[in-house]
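Participant: Compute the structure for the input listed below.
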Amino acid sequence: MAYSGLSKGQNVCPSGKRKKMKMSVGYVLSVFVRELPGYVLFAGIFMPVTLLLLLLIAYLRIKLQEGEPGCGRQASPVHRALQIA
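Facilitator: Alright, predicted model coming up:
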């Protein structure tokens with residue numbers, strides 16, 4: 001038997017090429033999160049996302065309070081009908 005450069009436990013595909021192992025995205029993410037320290041997860045992911053959401057809420061609240069001059073209740077036909085009656 002000729003020496004093929006493989007150790008005793010390694011297998012060879014019939015075509016001679018090695019099979020590439022496909023790793024699922026879920027497996028890769030689970031290994032990444034398992035090895036990630038808790039403070040990095042909190043300070044690097046949770047805090048910035050939370051702060052961005054709070055900033056977005058504050059911005060939208062300010063914009064909602066400003067309003068547009070022509071979009072109030074006075075432009076509503078129902079409101080005009082109630083004022084006449």
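Participant: excluding its backbone neighbours, what's nearest Leu41?
Facilitator: Spatial nearest neighbour of Leu41, excluding adjacent residues (C-beta to C-beta, 6 or more residues apart in numbering): Val33 at 7.3 Å. No exception for glycine: its C-beta is placed from N, CA and C like everyone else's.
Participant: got the residue ranges for the strands in this protein?
Facilitator: Under the criterion DSSP state E, the chain carries no strands.
Participant: how about low-confidence regions in it?
Facilitator: 1-21, 69-85 (pLDDT under 70).
Participant: Which parts of it are helices?
Facilitator: 25-35, 38-41, 47-66, 77-84 (DSSP state H).
Participant: Residues touching the shortest one, excluding its own?
Facilitator: Applying C-beta atoms under 8 Å, 6 or more residues apart in numbering, the contact partners of helix 38-41 are Val33.
Participant: rewinding a little: is it possible to get a markdown table of the helices of the chain that adds mean neighbour count?
Facilitator: A markdown table is the format used below for the helices of the chain (neighbours: other C-beta atoms under 10 Å):
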| stretch | mean neighbour count |
| --- | --- |
| helix 25-35 | 9 |
| helix 38-41 | 9 |
| helix 47-66 | 10 |
| helix 77-84 | 9 |
